[in-house]
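Novice: my questions concern the predicted model and sequence given below.
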Amino acid sequence: MPNMESTGQVSESGSSLVKHALNPEKTFMQVHYLKGYFLLRFLASKVGLEYFLHFFRLFIKKYHGQLILSQDFLQMLLETFPDMERQGLTLEAIYADWLDRPGVPKVAKWIGLSPSVGKGRKRKKAGLNVNFKEVMPEQLVLLLEILLEEAELSVTSLRTIKRTYDLPKQDAEVRHRWCELVIKHKYAQAYGDVEHFLIHDQAMGVYLYGELMIQEDSRQQALARRCLSLVQNEMDQSARRVVEEMVL
């Protein structure tokens, strides 16, 4: 959603432009997408999913074919459900917590993982009971990206995360973030997960080759070269050229 300022522009040809789009430094991060996903889920939780979907249909019918800004959506939502403002969910509050601030609000985060998580115990966060095993792939991606921002993670924490969420059996998006975490923290016990990803998910593995090489770790660089040697004959030619430039 564009911000509250006049970000929408229409050219003489009739095409529209939106400023403040994808940050080029975040090419491989998905937080900006997940943030919108969690904002919508948060709003839906306040009014009920059935009512929220009904509102969506009305909103699409009203603004179909138009260039809209985030305040158009939020203002109509607050007008449709006035109880939200009485709960403190004003337009200004939503912008302050979700749209004008980088990262994801704490209400959507899980912080402070401990070995007890691996035993399936529940923890309280922001007044909610959360079972850490009952999470969706999108939530796991978000969790791993938050952890990627940490400068240090202990071996115990990494081992617990892997075991708790059974990460090697998750989808490719989740496993890619897990491999990034393994590489960043040089978690040698999970190098096999990285090798498996590079061999079996070649299209998504190009970025990981670069991460392995820039760590200036001989073991990680050897892993990159070994994986390339195993799959180079079956790789897409353009991807292979990119990887060879990084690895060889």
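Specialist: Everything's here; your move.

Novice: what pLDDT does D236 get?
Specialist: For D236, the pLDDT comes out at 89.

Novice: distance-wise, check it relative to V242.
Specialist: 9 Å (C-beta to C-beta, to the nearest Å). (Each C-beta comes from the backbone N, C-alpha and C, glycine too.)

Novice: can you say which helix or strand has the closest residue to A44 other than its chain neighbours in it?
Specialist: Leaving aside its sequence neighbours, A44 sits nearest to F52 (C-beta to C-beta, 6 or more residues apart in numbering; 4.0 Å). Using DSSP states H and E, F52 falls within helix 49-63.

Novice: what about the closest residue to E195 other than its chain neighbours, neighbour count?
Specialist: Nearest residue to E195, sequence neighbours excluded (C-beta to C-beta, 6+ apart): C227, at 5.7 Å. Neighbours of C227 under the rule other C-beta atoms under 10 Å: 23.

Novice: return the distance of the helix holding F52 from the chain's centre.
Specialist: On the basis of C-alpha atoms, centre = their mean, to the nearest Å, helix 49-63 is displaced by 26 Å from the centre of the chain it belongs to.

Novice: how about stretch 239-248?
Specialist: So, by C-alpha atoms, centre = their mean, the centroid of stretch 239-248 is 27 Å from its chain's centroid.

Novice: which residues in this structure form helices?
Specialist: Taking DSSP state H as the criterion, the chain carries its helices at 31-47, 49-63, 70-80, 83-86, 91-94, 137-148, 155-165, 172-184, 191-200, 206-214, 218-231, 237-247.

Novice: can you list the domains in this structure?
Specialist: 8-107, 109-247 (automatic domain parsing).

Novice: tell me which of those sits most buried.
Specialist: The highest mean neighbour count among those, using mean count of other C-beta atoms under 10 Å, belongs to domain 109-247: a mean of 16.

Novice: before we move on, the earlier item: show me what the helix holding F52 is packed up against.
Specialist: Counting contacts by 3 or more C-beta pairs under 8 Å, 6 or more residues apart in numbering; DSSP states H and E, helix 49-63 is packed against helix 31-47, helix 70-80.

Novice: same list, those helices, but as TSV with mean pLDDT please.
Specialist: Shown next, in TSV, are those (pLDDT from 0 to 100):
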stretch	mean pLDDT
helix 31-47	78
helix 70-80	92
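
Novice: among those, which comes closest to P137?
Specialist: helix 31-47 (10.7 Å; C-beta to C-beta).

Novice: tilt between that closest one and helix 137-148?
Specialist: 120 degrees (axes from the mean of the first three to the mean of the last three C-alpha atoms, to 10 degrees).

Novice: hmm, back to that, and the helix holding F52, what's its mean pLDDT?
Specialist: For helix 49-63, the mean confidence score works out to 92.

Novice: output it as PDB, restricted to C-alpha atoms.
Specialist: C-alpha atoms of helix 49-63 as PDB (Å, rounded to 0.1, in the frame of the first residue of the first chain):
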ATOM      1  CA  LEU A  49     -13.000 -13.000   8.700                       C
ATOM      2  CA  GLU A  50     -16.500 -13.300   7.200                       C
ATOM      3  CA  TYR A  51     -17.200  -9.600   7.700                       C
ATOM      4  CA  PHE A  52     -13.800  -8.700   6.500                       C
ATOM      5  CA  LEU A  53     -14.200 -10.600   3.200                       C
ATOM      6  CA  HIS A  54     -17.600  -9.100   2.700                       C
ATOM      7  CA  PHE A  55     -16.000  -5.600   3.200                       C
ATOM      8  CA  PHE A  56     -13.400  -6.600   0.600                       C
ATOM      9  CA  ARG A  57     -16.000  -7.300  -2.000                       C
ATOM     10  CA  LEU A  58     -17.700  -3.900  -1.400                       C
ATOM     11  CA  PHE A  59     -14.300  -2.100  -1.500                       C
ATOM     12  CA  ILE A  60     -13.400  -3.800  -4.900                       C
ATOM     13  CA  LYS A  61     -16.800  -3.000  -6.300                       C
ATOM     14  CA  LYS A  62     -16.400   0.700  -5.300                       C
ATOM     15  CA  TYR A  63     -12.800   1.200  -6.500                       C
END
